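[1] Build me a structure from this.
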Amino acid sequence: MEARVSERQYEFRVLGRMSEKMRQAFAGMEVIEIPAETVISAAVADDGDIHAVLALIQSLGLNVISVERVPGR
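    Got it, this is the predicted structure:
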């Protein structure tokens, strides 16, 4: 995702760990594994970007635990 002035930072938590191939699908996003889940951090400009990340997660067969807006870095 390209950097935009009005971006907001979100964390998408999914159940379990992801393979390296799955991690590569989230290019430009930070992917961190913690016990029993994976956190995908992304800067998003609008709700459409949030839905795009959720669609990617769903297309990979991952289960969403939570979506949360977090303070920017």
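[2] average model confidence for stretch 35-46?
    Per-residue pLDDT over stretch 35-46 has a mean of 94.
[3] Tell me which helix or strand comes right after the longest helix belonging to the chain.
    Counting residues, the longest helix in the chain under DSSP state H turns out to be helix 47-59. Sequence-wise, the next helix or strand downstream of helix 47-59 (DSSP states H and E) is strand 64-70.
[4] Restrict that following strand to CA atoms and write it as PDB.
    Taking C-alpha atoms only, strand 64-70 is exported to PDB below (Å, rounded to 0.1, in the frame of the first residue of the first chain):
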ATOM      1  CA  VAL A  64      -9.800 -13.100  11.800                       C
ATOM      2  CA  ILE A  65      -9.600 -12.700  15.600                       C
ATOM      3  CA  SER A  66      -9.800  -8.900  15.700                       C
ATOM      4  CA  VAL A  67      -9.400  -5.700  13.700                       C
ATOM      5  CA  GLU A  68      -8.300  -2.600  15.700                       C
ATOM      6  CA  ARG A  69      -7.200   0.900  15.000                       C
ATOM      7  CA  VAL A  70      -3.900   1.600  16.800                       C
END
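[5] Tell me how far it lies from the chain's centre.
    9 Å (C-alpha atoms, centre = their mean, to the nearest Å).
[6] swap in stretch 24-44?
    Per C-alpha atoms, centre = their mean, the centroid offset for stretch 24-44 relative to its chain is 5 Å.
[7] buried residues in it?
    25, 26, 29, 31, 38, 39, 40, 42, 43, 44 (16 or more other C-beta atoms under 10 Å). Heads up, the C-betas are built off the backbone N, CA and C, glycines and all.
[8] Just read off the phi/psi values of the third one.
    When quoted as degrees, to the nearest 10, the phi and psi of residue 29 stand at phi -120, psi 150.
[9] same check, this time on the first one
    Its backbone dihedrals place residue 25 at phi -70, psi -20, with angles given as degrees, to the nearest 10.
[10] Verify the stated contact: it with residue 56.
    Yes - the criterion here is C-beta atoms under 8 Å, and residue 25 meets it with residue 56 at 6.2 Å.
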